[in-house]
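Asks: Next input, structure requested:
(one chain, ligands or ions: 1)
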Amino acid sequence: MAANSVASKTARKIGIAVQKAASRNKVWWYDPHMAAATSAIVQRLPLVDLVAEIRDARIPLSSEYELLRNFPSLSRRIVVMNKIDLADPTQLKGWMRYFEQQDCIPYGVNSHNKDSVKGLLNFVQAQVRGLCKGNHHSSETITIMLVGIPNVGKSALANSLHQIGRISAGEKGKLKHATVSPQPGETKDISSLKIGSHPNIYLLDTPGILPRIVHDAELCSKLALTGGAIRDGLIEQKELAVYFLAILNLCDQYKKWAKFSTNQSRLDRKEEASISSKLEMRQKKQYPMDHTQDPIVHDVRGAIFNTISSFDGNLELEEDMIKLIKAQSVALRAAFHVPEDVGENVDNKSVLSC
Ligand SMILES: Nc1nc2c(ncn2[C@@H]2O[C@H](COP(=O)(O)OP(=O)(O)OP(=O)(O)O)[C@@H](O)[C@H]2O)c(=O)[nH]1
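Replies: Below you'll find the predicted structure:
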């Protein structure tokens, strides 16, 4: 279909560009620490009681952790789809069914949300009880290894589970803190965080690992688009924004953002902002800010809603899709408050985080 062709052509272009840039500069994404971490993980994998593979809920297939393919006999394994706040709920249900059919135990979570993490903790504890009951385990200590590609949120999840697990077990003492960062490759060593007592449950947070070379160009562009696994600088930001808008323009996601359109009264939005900022204040001490409450995110969502809903072209046609994307670039510059004298090469990546 012509409309899809804008998205897929751009995806291919981005993927190939990433691969070329990576091979030309011999940088790829396989940092030296990944080689050391790989052997440390491979040594420990058969020794842990449970493996939790963390994937990005938006791209659960593309964020597969390749290392686990070498351990087909590893039965004690769960697939945790993190960042569900950024994923399409309907698609997520489909992915849950898909993983169940693959004989995996799937779970969806938002590691920035306390209730969601509590749900995961209960789920993990139930798995641990199952292990103990089935006589798979006799010791007082259970270890769970968190594995995944870079930036899927392993450390964020480890911190939240550690914090909630310690509080619910009534344990005092200083909390540990794994490094969380929007840049990939920040976790360089394996660290252990306690998340439960009776039995003691320890999480091993591991550095994110990607395959040394990614041959599939479209996979490269998906990893680049979801922002994180592949380092900035290898990707042409403008192409990435076009790819993102082409995908967004083809789905119904924007309809949810009518409330951010310029037609909604400013008063309603102010009231909404004040309620959410009170909520935010309460949560801020323990959890990172929920990006969906950011006024710029509201403006960006409003701009996207306005441009798509007022567009009367045929998105099946490539030229119309490009016309809409051009109109969106103008509207988004305003939403991001980009001064008029700043040229075309603005960092378009910020739109991806909205
Ligand atoms: N929206 C959203 N962001 C998340 C979530 N979990 C983590 N993040 C963000 O994703 C980014 C990466 O999180 P990390 O915990 O550092 O990821 P990691 O997998 O440990 O990364 P590496 O150290 O590269 O292996 C950070 O900016 C987090 O705040 C989530 O559930 N929702």
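Asks: Can you list the low-confidence ranges for this structure?
Replies: For the chain, applying pLDDT under 70 flags the ranges 1-31, 134-139, 184-185, 227-229, 231-236, 263-293, 341-354.
Asks: Show me which residues of it sit near the ligand.
Replies: Residues of the chain lying close to the ligand by CB under 6 Å from any ligand atom are 82-83, 85-86, 110-112, 148, 150-156, 180-182, 184-187, 207-208, 228, 288. Where C-beta positions appear, they are placed from N, C-alpha and C, glycine not excepted.
Asks: Emit the PyMOL select command for whichever of those are buried.
Replies: To isolate the buried ones among the residues of the chain next to the ligand in PyMOL, judged by 16 or more other CB atoms under 10 Å, type:
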select buried, resi 82+83+85+110+111+112+148+150+151+152+153+154+155+156+180+184+185+187+207+208+228
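Asks: Which ones among the residues of the chain next to the ligand lie within strands?
Replies: Among those, the members falling in strands (DSSP state E) are Asn82.
Asks: Show me the residues of the chain next to the ligand that map onto helices.
Replies: Among the residues of the chain next to the ligand, the residues falling in helices (DSSP state H) are Lys154, Ser155, Ala156.
Asks: Can you tell me how far the residue nearest to the last one when sequence neighbours are not counted is from Gly153?
Replies: Translated: Ala156. Distances taken as CB to CB, 6 or more residues apart in numbering place Ser111 nearest to Ala156, at 4.3 Å, with adjacent residues excluded. Using CB to CB, to the nearest Å, we find Ser111 at a distance of 5 Å from Gly153.
Asks: which residues do the two both contact?
Replies: Common contact partners of Ser111 and Gly153 (CB atoms under 8 Å, 6 or more residues apart in numbering): Asn82, Lys83.
Asks: show me what contacts Tyr107?
Replies: Contacts for Tyr107 were tallied using CB under 8 Å, 6+ apart; they are Ile78, Val79, Val80, Met81, Leu120, Phe123.
Asks: List the buried residues in the host helix or strand of the last one.
Replies: Assigned by DSSP states H and E, Phe123 belongs to helix 114-133. Within helix 114-133, the residues that qualify as buried by neighbour count (16+ other CB under 10 Å) are Ser116, Val117, Lys118, Leu120, Leu121, Val124, Gln125, Gln127, Val128, Leu131, Cys132.
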